[in-house]
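*Asks:* Sequence first, predicted coordinates after that:
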Amino acid sequence: MPDYARDGYVTAIPVVDSQAAAAYRAAFDALAAREGRDASQIGLLDRHFTDEFIWRLASHRTVLDSVESLLGPDVLLLATHVFCKYGEPTGRKFVAWHQDVTYWGLEPPMALTAWYAIDDADTENGCMRVIPGSHLHGVLDHGTAEAEGNLLSINQEVAVSTADVQRAEDIVLRAGHMSLHHGQLVHGSLPNRSSRRRAGLTIRYITPDVRQTERNSYGRGWRPVLVRGSDRHGHFDICDRPFAG
Ligand SMILES: O=C(O)CCC(=O)C(=O)O
């Protein structure tokens, strides 16, 4: 079983039961139908401010309890972002090997991502894969991906040895479950070779001692929301909780 401190991730954490998972999936189906296929792949950024079901997941007690057990009592929701790969046997969309925090402009460069499975995610439909222990080497230099179809914001990619690729772990998740990974863990995902969609909601968290010293890879400042404890640092203009409860 992976250990967060040693491996940089934990996985197969149940968040909601299958009925609630189906309801969240239906809410995403409706959002994706409204936004269209292209936007739904990687364009749904920070929709917790406008789409209540995303806020409900990002502030879900079970998610936050797990996050708090790793980050401590004070937690800021930094961002949410859907990664959706539609099932197409010849599809090329993939996520190149990378670390989350490299281009986020944070100091210290520390964050944690919860990856909530909207759909079942498995090897065939391009689940996330991680290189255990790779978070222990600090922030790594990234280059540019050569292969076409990288879903990352600035086409970044970190070089990874064959030996590391061979020991990568697939994060197979049932809808309604989540994994958590360290912001410096090297991870990515292969194209979806199935006929099934693979959508996941990434939910990014930081602690309030972290500050933003540069713009992020979207050329903006972050808009954090306090979701646990208190902010005694005041590094950010904290946004209001977008929905009651
Ligand atoms: O959903 C994926 O395939 C990759 C997710 C990811 O790269 C991330 O959480 O930063």
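*Replies:* In hand now; what should we look at?
*Asks:* At the geometric centre of this structure, which residue do we find?
*Replies:* The residue at the geometric middle of the chain, judged as the C-alpha nearest the mean C-alpha position with CA atoms, centre = their mean, is residue 202 (2.7 Å).
*Asks:* pLDDT-wise, which helix or strand of this structure ranks last?
*Replies:* Of all the helices and strands that make up the chain, strand 156-157 has the lowest average by mean pLDDT, DSSP states H and E, namely a mean of 90.
*Asks:* how far is that one from where the chain is centred?
*Replies:* Here the centre of strand 156-157 is set off from its chain's centre by 16 Å, with CA atoms, centre = their mean, to the nearest Å.
*Asks:* ok, residues contacting that strand?
*Replies:* 96, 97, 98, 102, 103, 142, 143, 144, 145, 146, 150, 217 (CB atoms under 8 Å, 6 or more residues apart in numbering). For every residue, glycine as well, the C-beta is placed using N, CA and C.
*Asks:* Am I right that residue 39 falls within a helix?
*Replies:* Yes: secondary structure of residue 39, determined by DSSP: H, G, I helix; E, B strand; the rest coil: located in a helix.
*Asks:* I'd assumed the residue nearest to the centre of the chain was in a strand, is it?
*Replies:* Yes: looking at residue 202 with three-state DSSP, it is inside a strand.
*Asks:* quick one: it from the ligand, how far?
*Replies:* 4 Å (CB to the nearest ligand atom, to the nearest Å).
*Asks:* Same question for residue 29.
*Replies:* Using CB to the nearest ligand atom, one gets 18 Å for the distance from residue 29 to the ligand.
*Asks:* Can you give me the neighbour number for that residue?
*Replies:* Using other CB atoms under 10 Å, the number of residues around residue 29 comes to 15.
*Asks:* ok, the residue nearest to the centre of the chain - contacts?
*Replies:* For residue 202, the residues meeting the contact criterion (CB under 8 Å, 6+ apart) are 80, 81, 82, 83, 113, 114, 115, 116.
*Asks:* longest strand anywhere in this structure?
*Replies:* Secondary structure of the chain read by DSSP state E shows that its longest strand is strand 75-85.
*Asks:* list the helices and strands it packs on?
*Replies:* helix 37-42, helix 52-58, helix 61-71, strand 198-206, strand 225-228 (3 or more CB pairs under 8 Å, 6 or more residues apart in numbering; DSSP states H and E).
*Asks:* Run a quick neighbour tally on the spatially closest residue to residue 6 that is not a sequence neighbour.
*Replies:* Beyond its immediate neighbours in the sequence, the residue positioned closest to residue 6 (CB to CB, 6 or more residues apart in numbering) is residue 133, lying 6.6 Å away. Other residues within reach of residue 133 by the criterion other CB under 10 Å amount to 17.
*Asks:* buried subset of the contacts of strand 156-157?
*Replies:* Restricting the contacts of strand 156-157 to buried positions leaves 96, 97, 98, 102, 103, 142, 145, 150, with burial counted as 16 or more other CB atoms under 10 Å.
*Asks:* Now residue 97. Its backbone dihedrals?
*Replies:* When read as degrees, to the nearest 10, the backbone of residue 97 gives phi -60, psi 130.
*Asks:* Which positions in the longest helix seen in the chain come out as buried?
*Replies:* Longest among the helix segments of the chain by residue count, using DSSP state H, is helix 18-35. Residues of helix 18-35 classed as buried: 21, 24, 25, 27, 28, 31, 32, 35 (neighbour count, 16+ other CB under 10 Å).
*Asks:* so the second one makes contact with residue 176?
*Replies:* Yes: with contact defined as CB atoms under 8 Å, residue 24 counts as touching residue 176 (7.4 Å).
*Asks:* Report the set of residues contacting both of these two.
*Replies:* Residues touching both residue 24 and residue 176 (CB under 8 Å, 6+ apart) are residue 16.
*Asks:* For residue 4, give me its contacts.
*Replies:* Contacts of residue 4 were listed using CB under 8 Å, 6+ apart, and they are 10, 70, 180, 182.
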